[in-house]
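Student: Fold the stuff below for me.
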Amino acid sequence: MNYSIIQLAREQLNAFENDYQVLVKKINLSLFTLSKTNLSMEEKEKVWNGLLEYTKNIIRRVEEILEKLEGVRFSLNEVVLHEEKDNLIQEYHLLIKKLREEKETILRQKEKKKIIITPLRQKAVKTGYCYFCDISIATDFPYKLKMEEQNTLGIEIVEGAAFCSQECLLNYCKEYKNREKMRQEEEKKNKEKIARDRQMITEIQGQIANLTSRINRLEQRERELELLPESYQVERPENTGFWRRLGQKLGLAKKPSPLSRLERVRKLKGELSIQLEKTGEKLQKSLIILSLDEQKEQERKRLEKKNLLEKKKVSAHEKELLDE
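Tutor: Below is the predicted model:
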């Protein structure tokens with residue numbers, strides 16, 4: 001029974017790895033294409049919801065196998081099965097970690113459906129009407145704030161604007177403050193995201209450089225071993241020290257690998273090459289995410305600049321009316 005679980009976990013691991021690769025490709029494709037489509041926010045969210053559910057299903061199935069695997073028990077003399085179990089558990093935990101990272105990527109994209117906050121839009125001033133509620137104040141006392149008072153309070157009011165009551169003036173100030181606070185929080189959030197994206201890219205670039213260096217060293221070692229006689233390639237038991245042989249019998253040390261030194265180097269180089277390819281895919285995804293976050297911040301700045309220009313136009317128009 002215990003061995004059948006080990007065998008099942010080993011077979012399922014390859015299937016789960018394939019599911020993970022398919023998921024990564026789907027996410028990368030969605031990151032690249034959705035930003036270039038005319039789909040509505042609801043339609044885009046539907047795509048991300050589908051990917052999120054797909055990811056959760058994979059994680060759930062992986063965790064079920066891992067739970068069975070961790071519950072397996074072997075006797076002390078079954079050293080090989082102990083080692084295989086521990087190796088499988090490590091690989092399953094690593095796979096779950098990678099799947100959760102993809103899940104976080106999807107959740108970040110779902111959060112982007114929120115509307116970009118822009119400063120409070122300045123509407124045109126209507127002479128004789130309250131700037132906040134549009135009630136006529138032609139025969140009433142108009143409430144205003146001087147420029148010095150606006151600067152002190154951190155409030156911007158269009159030149160010539162007046163209010164019918166203290167309540168309307170205070171409500172406008174409150175609305176302006178809340179909107180400005182939301183705008184500043186949105187700006188801070190965008191900048192922090194971009195900073196995290198760039199830090200992630202820096203770390204991935206470091207991983208790629210490290211993997212490339214290791215592969216280069218293995219290629220050098222491979223060339224050196226190819227020049228040596230075959231008798232040197234295989235690790236012989238008679239060349240192993242007494243204490244190491246004793247440790248191997250007790251299961252405290254690894255037994256000699258049936259692979260030759262050259263084969264082990266080639267195997268490790270192949271594993272690192274696959275890891276390098278996956279890391280390259282991760283870098284591409286991180287670059288796409290950075291590009292999308294930068295686009296979002298650029299759009300926020302564009303809308304903010306547009307609003308500022310409109311405010312200047314309104315002020316200029318009011319000045320022209322006063323001059324007339």
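
Student: State the distance from the most centrally placed residue in the chain to residue 303.
Tutor: Geometric centre of the chain, nearest residue: residue 105, 4.2 Å, by Cα atoms, centre = their mean. Distance, residue 105 to residue 303, using Cβ to Cβ, to the nearest Å: 26 Å. For glycine as for every other residue, the C-beta is placed from the backbone atoms N, C-alpha and C.

Student: For stretch 128-139, list the C-alpha coordinates in PDB.
Tutor: Backbone C-alpha positions of stretch 128-139 (Å, rounded to 0.1, in the frame of the first residue of the first chain) are rendered in PDB as follows:
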ATOM      1  CA  GLY A 128     -25.100  83.500  -9.200                       C
ATOM      2  CA  TYR A 129     -25.300  79.800  -8.400                       C
ATOM      3  CA  CYS A 130     -23.800  77.600  -5.700                       C
ATOM      4  CA  TYR A 131     -20.700  75.800  -7.000                       C
ATOM      5  CA  PHE A 132     -21.600  72.700  -5.000                       C
ATOM      6  CA  CYS A 133     -25.400  72.300  -5.200                       C
ATOM      7  CA  ASP A 134     -26.300  74.600  -8.100                       C
ATOM      8  CA  ILE A 135     -28.900  76.500  -6.100                       C
ATOM      9  CA  SER A 136     -29.400  80.200  -7.000                       C
ATOM     10  CA  ILE A 137     -27.600  82.600  -4.700                       C
ATOM     11  CA  ALA A 138     -28.200  85.800  -6.700                       C
ATOM     12  CA  THR A 139     -29.900  87.500  -3.700                       C
END
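
Student: And it, what's buried?
Tutor: 129, 130, 131, 132, 137 (16 or more other Cβ atoms under 10 Å).

Student: residues in contact with that stretch?
Tutor: 123, 125-126, 157-158, 161-165, 168-169, 171-172 (Cβ atoms under 8 Å, 6 or more residues apart in numbering).

Student: Can you list which of those residues are found in helices?
Tutor: 168, 169, 171, 172 (DSSP state H).

Student: Who does the closest residue to the second one other than its chain neighbours form a beta bridge with?
Tutor: Counting by Cβ to Cβ, 6 or more residues apart in numbering, residue 169 lies nearest to residue 163, which is 4.2 Å off, once chain neighbours are set aside. Beta-bridge partners recorded for residue 163 (DSSP bridges): residue 143.

Student: contacting residues around residue 163?
Tutor: Contacts of residue 163 (Cβ under 8 Å, 6+ apart): 130, 131, 132, 137, 142, 143, 144, 169, 172.

Student: Looking at it now. What's its pLDDT?
Tutor: Residue 163 is assigned 89 on the pLDDT scale.
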